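# heads up, no residue letters with this:
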């Protein structure tokens, strides 16, 4: 009798094979079932002239896509590359994220697994990598974990090299940024009681193209799309309730009623290391928190959901 684990593996394998066979020209998504993650010591990210030590790096496998040639025969017709995902220390991410959001360029570079003694192991180089997703983790005043910003790159091609050189230079600024250290401001609204900011996800639509005899698909970028901004406040959130009444219930939701929002990630001593600015913010809903329970401060939680038209990274002070 096969175990549950074995049955789950078979199902995943069959599903993955079916998807690859039916989507020869489609973007390879972040399923990365076979993606190899770096060791617990972290990884080294080389991105053009930038070098950063990151918590984790995975993906970038080259995958063949088979197509029918008639008579029941198949052959490889296209080669696709799975996305690469890295977790950037929030204290070192600002300049790179600002460049990614403001531009429309591709990157070349490499990821290397780091050993516990500081050496670099297997090195995977990549080319024509288009940034496709940025994920700022949920920020919560009760959390004590370090903050990392997720970055996904869609390369056109990767290549593995063995025996990387030892890492001898200091990488990153080493600023300690925790998920609990953040500040939210929105003009005209009281945000002093924001206890949590939901995950902020920015994704870029992609298409694959191959020209001439080139079988390896090259990523073509589309526009950025932004998920909703969700805040959890301690208390009744009267300012947000009034804005919701005007914007949604009374139908006065024009451009003049949209707002801006600033979210800052701070070091333990209060220094701003990442400042995110949202424009064209409109309120969608104000709800009692699903748990219905009060926080440690004895106040019930109110959840606010808003759409965002654009995000950018502003210079920190």
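That came through fine. Remember, it's a predicted structure, so these values are computed and weren't measured experimentally.

# Tell me where the stretch 151-300 of the chain has helices.
Listed in chain order, the helices of the stretch 151-300 of the chain (DSSP state H, counting those that start in this stretch) span 238-244.

# so where's it shaky on pLDDT?
Flagging of the stretch 151-300 of the chain using pLDDT under 70 yields the residue ranges 163-175, 207-221, 291-298.

# Can you give me the buried ones in stretch 226-244?
226, 229-235, 237, 240, 243-244 (16 or more other Cβ atoms under 10 Å). From N, CA and C alone the C-beta is placed, and that goes for glycine too.

# Just flag the most distant two among those residues.
Using Cβ to Cβ, these reach their maximum pairwise distance at 226 and 235, which is 27.1 Å.

# from the buried residues of stretch 226-244, which is closest to residue 255?
Comparing the buried residues of stretch 226-244 against residue 255 with Cβ to Cβ places residue 243 closest, at 14.5 Å.

# Test my guess that residue 303 contacts residue 244.
No. Applying Cβ atoms under 8 Å as the test, residue 303 and residue 244 come out as separate, 11.7 Å apart.

# shared neighbours of the two, which are they?
Jointly contacting residue 303 and residue 244 under the rule Cβ atoms under 8 Å, 6 or more residues apart in numbering are 285-286.

# And the strands in the stretch 201-317 of the chain?
218-226, 229-234, 259-267, 272-288, 301-307, 310-314 (DSSP state E, counting those that start in this stretch).

# Residue 299 versus residue 129, what's the distance?
Counting by Cβ to Cβ, to the nearest Å, the separation of residue 129 from residue 299 is 45 Å.

# These two: who's more crowded?
Higher neighbour count among residue 129 and residue 299: residue 129, with 24 against 14, using other Cβ atoms under 10 Å.

# can you pull the contacts of the more buried one?
For residue 129, the contact set (Cβ under 8 Å, 6+ apart) comprises 84, 106-109, 153-156, 219.

# can the residues you listed go into CSV with extra columns for neighbour count and distance to residue 250?
Converted to CSV, the contacts of residue 129 look like this (neighbours: other Cβ atoms under 10 Å; distance: Cβ to Cβ, whole Å):
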residue, neighbour count, distance to residue 250
84, 26, 47
106, 20, 46
107, 19, 47
108, 15, 52
109, 20, 51
153, 27, 44
154, 31, 43
155, 26, 49
156, 22, 50
219, 24, 44
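
# If anything else comes up later, I'll come back, but that's it for now.
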